[in-house]
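Asker: 3D model of this:
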Amino acid sequence: MLASIFDDLDRIQHMFRRDRPKVVQDWYQRLDGFIGRVNAYLEKQNGKKLHLLVMSDHGFTDFRYKVHVNHWLLENGYLAMQEGKTEANLASVDWAKTKAYSIGLNSLYINLKGREGHGVVPLEQVEDLATELKDKLMKWMGPDGQPVFSNVQLRHEAFSGPLLRFGPDLNLGCSSGYRASSETGSANGKRPLSKRITITGVQTTASTQTWFPVYCSPARD
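Answerer: Coordinates of the predicted model:
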C-alpha cells in the first residue's frame with residue numbers, strides 16, 4: 001500500500017476562499033489533473049490488481065457564527081470555574097463541580113468518574129445526562145433565530161466498532177453557517193469565560209460573526 005496526503009488544498013482555502021475563489025478552483029483542477037494521471041498510469045498496468053482510493057477527512061464551507069460550547073455548558077450549569085478564575089481554558093475549570101466539557105470542534109465529553117482524571121459523574125447517570133445534553137443542545141438558538149446544531153448524536157449513534165469507547169460521549173453537528181470557536185477546539189485562550197459582554201453584529205476579517213452566549217469577540221481565523 002502506498003498512501004499520500006495533499007494538505008495544500010486546505011491551506012489554499014483558508015487563505016483564498018473568501019477573496020480569491022479562482023485560486024481555489026485552479027488548485028482543485030490541478031489536483032484533479034494529477035489524480036487523472038495517476039489513474040491513467042494504473043490502468044496501463046495490465047494484469048495487476050491495483051486500486052486507487054481518493055478520500056477527504058473534511059470539507060470546506062462558509063460560516064457566519066462561531067460558538068463557544070464551553071460557555072454554553074457554563075451558563076447551563078454543566079461546567080464550573082475555580083473561584084477567582086476567568087480565563088477560557090480547561091486549567092481554570094473546577095472539575096469537582098463539572099459534569100461535562102467540550103474539546104475539539106465537535107466533541108463533548110461527560111466528566112465520568114473512573115475515566116476522567118477528576119471525574120464526578122457515576123456511570124449509571126451517564127446515559128440520562130448525555131440524553132439531557134443532547135435535547136438541550138438541539139434547542140440552542142443562535143442570534144439569527146436558527147438552531148446552532150442540526151444534529152447531536154450520542155456516541156453509539158455516531159460511531160461503532162471495537163474502538164467505540166474512545167469516541168466522544170456526544171458528537172455535535174453544527175447547522176449551516178455555524179462552527180465551534182477556536183477556543184472550544186483548543187480548550188485554551190485568554191478570553192474571560194464567565195464575563196458577560198453584549199456585542200452584536202461583530203464583523204471579522206473572515207466576513208463572519210462570533211457569537212457566544214456569554215462572550216462575543218471578533219473571530220481571528
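Asker: Let me know the helix or strand that the residue positioned nearest the centre of the chain is in.
Answerer: Centroid-nearest residue in the chain: residue 105, 1.5 Å away (criterion: CA atoms, centre = their mean). Residue 105 belongs to no helix or strand when assigned by DSSP states H and E.
Asker: Of all the residues in the longest helix seen in the chain, which ones are buried?
Answerer: Looking across the chain with DSSP state H, the single longest helix is helix 21-43. By 16 or more other CB atoms under 10 Å, the buried positions in helix 21-43 come out as 24, 27. The way it works is simple: take the backbone N, C-alpha and C, and place the C-beta from them, glycine included.
Asker: Now that helix - C-alpha only, PDB.
Answerer: The C-alpha atoms that make up helix 21-43 are tabulated as PDB, following Å, rounded to 0.1, in the frame of the first residue of the first chain:
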ATOM      1  CA  PRO A  21     -12.100  31.800  -5.200                       C
ATOM      2  CA  LYS A  22     -10.500  31.500  -8.600                       C
ATOM      3  CA  VAL A  23      -7.200  30.400  -6.900                       C
ATOM      4  CA  VAL A  24      -9.200  27.700  -5.000                       C
ATOM      5  CA  GLN A  25     -10.800  26.500  -8.200                       C
ATOM      6  CA  ASP A  26      -7.500  26.400 -10.000                       C
ATOM      7  CA  TRP A  27      -6.000  24.300  -7.200                       C
ATOM      8  CA  TYR A  28      -8.900  21.800  -7.400                       C
ATOM      9  CA  GLN A  29      -8.300  21.500 -11.100                       C
ATOM     10  CA  ARG A  30      -4.500  20.900 -10.600                       C
ATOM     11  CA  LEU A  31      -5.200  18.100  -8.100                       C
ATOM     12  CA  ASP A  32      -7.900  16.600 -10.200                       C
ATOM     13  CA  GLY A  33      -5.500  16.500 -13.100                       C
ATOM     14  CA  PHE A  34      -2.900  14.800 -11.000                       C
ATOM     15  CA  ILE A  35      -5.400  12.100  -9.900                       C
ATOM     16  CA  GLY A  36      -6.300  11.600 -13.500                       C
ATOM     17  CA  ARG A  37      -2.700  11.000 -14.500                       C
ATOM     18  CA  VAL A  38      -2.200   8.500 -11.700                       C
ATOM     19  CA  ASN A  39      -5.400   6.700 -12.600                       C
ATOM     20  CA  ALA A  40      -4.300   6.500 -16.300                       C
ATOM     21  CA  TYR A  41      -1.000   5.000 -15.200                       C
ATOM     22  CA  LEU A  42      -2.700   2.400 -13.100                       C
ATOM     23  CA  GLU A  43      -5.000   1.400 -16.000                       C
END
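Asker: what's the domain layout of this structure?
Answerer: Split into domains by automatic domain parsing, the chain comes to 1-59, 63-210.
Asker: deepest of these, which one?
Answerer: domain 63-210 (a mean of 17; mean count of other CB atoms under 10 Å).
Asker: Centre of the chain to it, how far?
Answerer: Offset of domain 63-210 from its chain centre (CA atoms, centre = their mean, to the nearest Å): 9 Å.
Asker: what about it, average pLDDT?
Answerer: Mean per-residue pLDDT for domain 63-210: 82.
Asker: can you check stretch 41-57 too?
Answerer: Here the average pLDDT along stretch 41-57 is 85.
Asker: can you tell me the distance between the two ends of it?
Answerer: The straight-line separation of the ends of stretch 41-57 (CA to CA, to the nearest Å) is 25 Å.
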